[in-house]
Every structure is written in structure tokens, then in C-alpha cells.
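Colleague: 3D model of this:
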Amino acid sequence: MIGSPQSGSPRASTVPDQILAQARRSPRRVAVESAGDRLTYAQVAAEAAGVAAHLRRLGAGPGDLVAVAVPRGVDLIPALLGVQLSGAAYLPLDPEHPAGRLSDIVADAGAAILLTADAAGSRGVRAATRVHLNDIAVPAGPVPPAGPDPASAAYVIYTSGSTGRPKGVMVTHAAFANFIASMRERPGLPDDVVLPAVTTVSFDIAGLELFLPLTTGGRVVVARKAEAGDPRRLSALLAATDARVMQATPITWRLLLEAGWSPPSGFTVLCGGEKLPADLAERLLDEDIVLWDLYGPTETTVWSSVTRHEPGRPAEFHPVRETSLHLLDDRLQPVPSGTAGELYIGGTGVATGYLGRSPLTATRFVADPFATTAGARLYRTGDLARRHADGRIEILGRGDDQIKIRGFRIEPGEIEHLLARHDGVAEAAVRAFGDTDEATHLVAYIRPAERENPPDARLLRLHLARSAPAYMIPARFVVLPDFPRTANGKLNRAALPDPAGSAHQAAPDTAPASADWQAAGSVEQRIAKIVAEVLGQPSIGVHEDFFSLGGDSLRAIQIVLRLNEELETEIPINALFETRTVYGLAAQLEAGSVPDPGSVPLLDGRGPRLSAAQWRLWLHQLAAPHSTVDNAPLAVRLPGPLDVEALEVALAGLLDRHPTLRTYFTQDDSGLPAPVVAPADLVPLNVEDGDPRAVLAEELARPFDLAAGPPVRFRLVRGDEDAGGVLLMVVHRIAADDRSLELVARQVRAAYRGRTVPVPPLGYTDFSEWQRVFSASPAARRHLDFWRDTLAGLSPAELPADRPRPATRDWRGGTVAFDVPPDVVRSLSETAAGHDTTLSVALLAGLHAVLARCAGGSDLAVGMPVSGRDRPELENVVGMIEDTTVVRVGLDRHWTFTGLLARVREAVLAAADHAVLPFEDVVAAVAETAGTHEPGRNPLFDVLFSFHPIPADPPGFPMPDAPGTRYDLSCHLTERPDGGLDGRLVYATRLFDKATVAGLASTYVDVLKQAGADDEGTAA
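Modeller: Predicted coordinates:
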């Protein structure tokens, strides 16, 4: 037995206790930051106290679980801490994981409450009660003086389960506090440590990153997903924050080194999650750093041992304090030094057990025969190990089938169980291959239900992706007529063939790419070669989805690093995540000569210029000054008690950060627009009584005079019993798109709660200048050629209207609301996933089918908004960056929905690849050959489709109907928390009666139902 001494001091306070105490000692010190957002210790404590009070009012307390699905950012820590201050334990969910899997975990854990950042958080995850951080008031009084009971559960972490169900590990506050105290002693981080948090919150080691610094007065830097997954951006984050320590898995450290990271002298590397390769240890030690190798299962509270490595000196091995390590045989007897045995761990860190799994708990957590304390237990790790003469314990491998990939524990049985649920699979087996832990990848073996008709590997991946996180999806699928067996008929997993030598590959991975999908130019060929080599494929098509071929984040990073080295370019790591194809990567490379936003200086010292979209909107307002069609509503619910002065300060800060919201448009002597930026004055607000929806409708009906004042108006309406309020805003589209409205709402809430909101590094003027330069670039000409070819010969479809089309438009519109039930959405999502596409594409295909039935044509063009924010520099810019693209599809009445879906998918992907070109440039290019469009019509299309995967309205606050429309018909769909869709058909009243459009809505829902139930049925 190897152990550390029991602490002789009284039991330590809980981690929440320690954080609250630190907040009282240094309230103004920065506690957490992320992407420019910062919270002080006082703000963390106050916001956590608000969460705790809100949860307690809902009945949460000791013995309860609250699921937390909050994106990476500063809100994450107050959310987790607030749950613990309520007395409940938190169940961390990774919002990136499939909603089906998260729903299953929430149900298995019995968590009645799901805490998210806002109404958009973790859509599709089922929970009895959803709580949004944005709706929780921050108390003005003192924070609670004490935290939870040390014996109560602090958190529950779900890990892979061998029976097909993930299992929840329950860890107490006492165990977690002991771990944090031990890590403060050894490795011994400084009190003012700056620690980047790079690990997903559903991985237990994230607890060290998120909480340890806050117990000593340090600072947590929560890395965004793009930073944590991109070694170059992570390297820049380490430099920018002057961090001198970080915890990560071996593959992250290797990728950092390969990306050129050079740590400062004395940097502390905490490396764990899987075995530390000897060559990586040598490379790290060559960098003059302090290297700690960490080991421990979730069931014994994060880490159970720490080992320090130094050049030329024996490794220093230490158990975590109040922890004992035993190497035992099958009879729980110690094995001699140097002999392999199974590792058992005891002490304060041993978890309570598996939530709701008493038999499994009894199997893995056994009575400790060596302890002097009654009731003490040992955790049976399943790891085989041996003890060296110097006391160091070396992990040799597993005594069971469990696999570790990039720190994540995977039970093959869980994947096999999910695969066996596919109709085409009679039996499944999963095995890991790889020369090193870092290179390990999963291979699935399939015995098909029909020997002559094996399941498609692409569809198997999609089948798994609905229930399993990305790291559990096999890279390869091998079809076998039968599996190797032992003498007693059980699966012989070790005899499953190496896929490198197997000829029984599932069909899609060996089928050659069609001529249209083969790499054409030298750039595409070189990219395709690199991607195929990394994926271990003989070849791939330029339009094949990288992730559908078994790619993952690790391989994506490897591909981009190789591309940048071999092609001498600087593609960002997230490029492959965004484009997903060889074709998309090649297009990004071709566009690489275009300057980034922000690198184009303002010419001739002039002020802001209009973007292409602003020109269109300005001309419309000039021609129709009484039009309200471009008025956009926004409602921000503010928790009470209402502080009008704080809100006025928040709005002044908003206007100061985003000049577009205070820009009005006069005309110069030649009649051209001359933007004028007004000063960011304080916005006086009067609290009104009344129905917020009626007040907002009133404001929407008032046109803007863009030459006389800013394009935004504010009203404040008193709220309900919580003494809060609703801030109502109407913004002209010349100043803000949908993404901008989300940013405005988020920043107003943050500033109102006393947070410091960072100024974005770029402004809208940078975007408009970049757009101007891009439109004149060679890359833009390639996109223009595509659109000329794609839209050649397009004639508008004639929908059966109730009245003749007038030569002029009056912009008046009506709205018909409709509902798509959750079961229809689920069926349609499964149909879409089964054909390698998205719910959005399936919804658009359904609309095409309805339009074809009504118009009777075989050539339809539908408009679709695109965000225009592909570049990360534009993520936090407020302005009209959103643009419009055209999806043209040919169809007839004899197609099945499957055929229609394939056509729409192809058209959407092609349009997305060329959507960077301003819509106005597309219209001008098509007009060169087609001439001007018909009076009373829009150029290129008269029907718009829009799908919002996030709710646009505050909970319980439906927006008023649209004040008008510029299209004949527009279909808007928004996801609801229950998994259904809220739909609106907005129509031109000059053409249609409401009853006609209501019939269209009913037909559309019927088509979606049929498509979800029978995708082989006729489409129209």
C-alpha cells in the first residue's frame, strides 16, 4: 500500500465556502475572464447567490441534482457555484453533445431542473423545468455566509457505461475540497495563479481549472471552444494572459509544440487523462518547464496521484493527500513489488458510488480491508499496474475492455449497444487500434442483418451521432460475415482483424468518388491527398463531409497544420469545421489573398461608407419614407428590482461601443448618402405601464427618418410581480441584423448587471471597407461566374394569388402562425440525418414541394438569409452583416422526398460556398444577361425561407406580427424548447387573402409530416 497521511487539522471547508471567503477578502479582483468578458470575485459571488436563491425558490436543495448546460464563458462558473450554494449538486452537460444523449442523462439522473444561459440553451434537451441565467436577478444584499454540507454531493459526472447506458459518478464536497487542497500543496500553484480552463465541463478534470484558482485569489481564463481546439489560438491565449500553468491531455500538449508554442521558462505543465508518452515528456522537458504527470479516475475525485519529472532525476511520485493506492490480486491481497496487480484506490476522494446503480456500485466499490475507519471503501479501477522499488506506480494497461481516447473513458459495450439498435446491424463489436495512446482510434465491426446488403457506414455514423458524442464515433467500419469466437462461444475481441488489412470495409468508405466530386485543380488535389492520408482513406471526393468520413477534432487539427506547412498558407484551425469539405477548404485558400476585415484602412480620411446592404436599405427608405418593413423588434426582460439609472448607463455604453446604432444618413450635394455619427449621449427612460407587446407593436408601426436621427428607439415597460421590466427596442435594419440583435440583448443584460462589456476590436466600418475591397478582388469574380451560370434563365414562379399583381408595391403584410409538433420535427430530423443533411434543409425541401404544388412549375428559386460572419473577427460586430443567397432547385411531381432532399441539399451547399459575395453584386451580374426584373417583383426570388435554431423572443413574450413585408411570401421557423417549431407565413396582402395563406401553412405541415413518416413518398 502506498498512501499519503491523513490530515490532522479539522475538516476543510467546502470549495464554495473558500470561494465566498475569497470574495470577501478581495471583492474587486478579477476572478474569471473569457473572450474579453470579466467578472470580479464580488460579481461571481453575487451572481452565484442569485442562482442559488432562484433554485431554492423552485424547491432545489440538498439531495437534488440540477443539470447545467451553459456555454464556455464567464457565466459558467457562477452557474455551477450557484447550484452548489443552493445545496443541490450540479450535473454538467456539454452543450456540444447530441441533445438525445443529454436528455437521456438528465432523465437517468432524475434532474428536474435544467439551467441554461438563455432560452436558446441546449434546445432539444428534455427537462421538467428550464431556468435561464438571463432571467435571474442579482441580489443587492450580502452573499450567503456559508456553503453546503461537506457530506453532501458536490457534482455528478457521467462516464461511458459498458451496458449501453452512461453512468453517473457522485462526488461529495468533502472529497472535492480535499482534492483542491492537495493540488494547492502539490504541484503547489501560486495564490495569484492565472489558469486557462480548456477542458469540457462534462470531463471531471475541468473542476481543477474552474475552481482551484478561485480558492486562492487567482484568475480563471475560460477558453472558448475555438481557442481550446486550435493550438495556435491556444498558444496566443497563453501569451496574452501571461499564464504560467495549464492542465491538458497529452495530445493537446503535443499539438501545441507542433504549432510552434514556446513556453516561458518555468512554465508548469499539468498533463493527464491518458498515459504520458516518453517522447512527449522529453520534448516538454527540453523546453525548460516543470512537468507533472497526473493520474486518477473520476470515481476517486479527479486525480489520485501526481508525478514530477525533471531532466536527469528520478520521477517524484506522490498520492493525493488522504489517498491510498493498493496493488492487489484477485483475493484482494497485496502483490510483491515489481509484480502486476490491479490498482485499488482508497481514501477521502472515493466517490459515493454510481447514481441509481446499486449493483454496479457494490461491484466496483468494495470494503477497504486495510482501513482503520469503519465503512471505508476501495475503488476497483480496472487498471493493471506495478510498483517500482522507488515507490512509483506504473500503469500497464486495462484488465477489461475499457478504452481511453484523448482522456475520455469509453466502454465499447455502449457503442455496440447503440449500433445494434440500427435495423441493418445484427451484431456489433468495437475495438481500438493505434500505436500510441494519442493515435488510438475506434474501429467498429458489423455483422449485417442482411449479408448481401451491409449498412452504409455514413448512415451508421449519423445513427451514432444522434446519441453519442463525437469522440465515441468510430473512424472505421468493417463488415464481417461472422465474428471470431472463443472456445465457449463468446466474442474474441482480440482476434478482430486489423482494418488496415481487412477487405471487408463498409461500402461508402471504399466507393470511389464520382467524376463531379473528384479533385479538379492542383490545390484541390493536394488538399484531398492530405485529408485522405490523415483519414487513412485511399481517396475522397471534394464534396464529401470530413466528419461523415470519420474525421474528428484531432484529425481536423492535424490536417490544417499539414496544409499550412506544405502549402505555406495560414488557414485557421476552424476552417475545416466550417467548410467540412475539400472544396470548401480550396475556396478559402483561393480567397486567402483578400485582406481580413480590419486590415483595410479608411481611404482618403473619409468617414464611414455604406455597405452593399446598407445602400439597398437606404434607397428603399428614400423611395418609401413611410415604410416600416425594415423595422426590427427586440425585447429584453430585466429581472427586478428595476434600476432605471443602471439601465440608462448600460444603454449609453451600448451606443458608445457600436456607432452604427447612432449613425444617421443625410445627403451630400450630389444626393449621395453622407453618414453622420451622433455622440453617445445618455438615453433618458421613463417607466411605463401597459402591455409590452402592444407598446412594441406601436413602435414597430412608426417609420424611421434616417436623415433626422439614429436608427434605434427605446421604451421601458414595467414588469410583473418581480418588480422587473421589459426594455423594448425597435432598430432599423440599416443598423442591425438578427445576430446584432442577439448581441445587443446580451450586452444590455450584462451591463445592467454591472459587468464590463468589452469594445469589439473591429467596427462595422471595417466590415464595409473589407466588403468593398473583396467585391473588386479576383476571388469575387469566381463567385460571380458561379452565380451567372446557376441563375441563367431563371424566371420567377407565379404563385396563385387572390388578386392580380400590381405594378407597384405597398409593402403591407399579414401573418399566419402555425405549429410543427415535436414528433414531426423528430421524425423529419431523423429523415434528414439519414440522408446526411440537416433539419433546416429538410424544412426548405418541404417548402419547395409546397410551392411546386401551388405554382405548378419545375424551377423554383427561394431566398435564404446567411449570417455573413464566417470570419471570427466579425462575431461581435453590430451592424447589417447578414446577407441573402438564392437556392434554385428544379423538381417535378414524380420525385420522392428523398430525391428532392438531395437536390435541395446540393443547392444549399453550393449557395453557401458562394454566399460571401454581396447579394447586390449577384443581382447586378445576373441583370447583365437577364435584363431588369418585372415591376412589382423582387429581383431573383419572391419567396424567402428562414430557420432560426434559437428562440428569438424572451420566454412568454411573443413578438408582434411583422409590420410589413418586401416578399410575396416568407416562411419563418423557430425552434421551441419542447423540440417543436413555431412557424409564421408572412404574406403580401396586396396579393393574398389570409385564408389562402392559412391553407398553404396547413399543406406545408402535412408535407413535413409525410416526409418524416415516409421519405420515399412523392414530394408534390
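Colleague: Mind listing what's buried along the strand or helix carrying Pro675?
Modeller: For Pro675, the enclosing helix or strand under DSSP states H and E is strand 673-677. By neighbour count with 16 or more other C-beta atoms under 10 Å, strand 673-677 contains the buried residues 673-675. Any C-beta I mention is one placed from the backbone N, CA and C, and that applies to glycine too.
Colleague: now do stretch 1001-1016
Modeller: 1001, 1004-1005, 1007-1012, 1015.
Colleague: would you turn the residues you listed into JSON lines with pLDDT and distance to Leu617?
Modeller: What follows is the buried residues of stretch 1001-1016, written out as JSON lines (pLDDT from 0 to 100; distance: C-beta to C-beta, whole Å):
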{"residue": "Ala1001", "pLDDT": "96", "distance to Leu617": "29"}
{"residue": "Tyr1004", "pLDDT": "96", "distance to Leu617": "29"}
{"residue": "Val1005", "pLDDT": "96", "distance to Leu617": "33"}
{"residue": "Val1007", "pLDDT": "94", "distance to Leu617": "34"}
{"residue": "Leu1008", "pLDDT": "95", "distance to Leu617": "33"}
{"residue": "Lys1009", "pLDDT": "93", "distance to Leu617": "38"}
{"residue": "Gln1010", "pLDDT": "90", "distance to Leu617": "39"}
{"residue": "Ala1011", "pLDDT": "89", "distance to Leu617": "36"}
{"residue": "Gly1012", "pLDDT": "81", "distance to Leu617": "38"}
{"residue": "Asp1015", "pLDDT": "57", "distance to Leu617": "40"}
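Colleague: Show me the shaky parts of the stretch 601-750 of the chain.
Modeller: Low-confidence segments of the stretch 601-750 of the chain (pLDDT under 70): 601-608, 720-723.
Colleague: which residues in the stretch 51-200 of the chain form helices?
Modeller: For the stretch 51-200 of the chain, the helices defined by DSSP state H, counting those that start in this stretch cover 76-85, 99-109, 173-185.
Colleague: out of those helices, deepest packed?
Modeller: Mean neighbours per residue, mean count of other C-beta atoms under 10 Å, is largest over these for helix 76-85, with a mean of 26.
Colleague: Count the neighbours of His318 for me.
Modeller: His318 has 19 neighbours, counted by other C-beta atoms under 10 Å.
Colleague: Determine the three-state secondary structure at Asn431.
Modeller: You called it Asn, but residue 431 is Arg. Using DSSP: H, G, I helix; E, B strand; the rest coil, the structure places Arg431 in strand.
Colleague: From what I see, Asn867 and Ile881 are in contact.
Modeller: Residue 867: Ser, not Asn. Yes: the pair Ser867 / Ile881 is scored as a contact, 7.3 Å apart, by C-beta atoms under 8 Å.
Colleague: hey, what's in contact with both of these two?
Modeller: Common neighbours of Ser867 and Ile881, counting by C-beta atoms under 8 Å, 6 or more residues apart in numbering, are 737, 739.
Colleague: Compare neighbour counts for these two and give me the winner.
Modeller: For Ser867 versus Ile881, neighbours defined as other C-beta under 10 Å are more numerous around Ile881 (24 against 14).
Colleague: what pLDDT, on average, does stretch 355-370 get?
Modeller: For stretch 355-370, mean pLDDT rounds to 95.
Colleague: what's in contact with it?
Modeller: 1, 108-110, 156, 167-170, 299, 324, 326, 332, 344, 346, 350-351, 353-354, 376-380.
Colleague: From the chain's centroid, how far away is that stretch?
Modeller: Relative to its chain's centre, stretch 355-370 lies at 36 Å (C-alpha atoms, centre = their mean, to the nearest Å).
Colleague: got the buried residues for that stretch?
Modeller: For stretch 355-370, by 16+ other C-beta under 10 Å, it's 355, 357, 361, 364-365, 368.
Colleague: Look up how far Arg984 lies from Phe818.
Modeller: Look at Phe818 and Arg984: by C-beta to C-beta, to the nearest Å, they are 8 Å apart.
Colleague: again, but for Leu58
Modeller: Distance from Leu58 to Arg984, by C-beta to C-beta: 32 Å.
Colleague: can you check Pro250 too?
Modeller: 51 Å.
Colleague: just checking, next helix/strand downstream of the lowest-mean-pLDDT helix or strand in the chain?
Modeller: Least confident helix or strand of the chain, by mean pLDDT, DSSP states H and E, is helix 507-510 with a mean of 40. Beyond helix 507-510 on the C-terminal side, the first helix or strand identified by DSSP H and E is helix 522-535.
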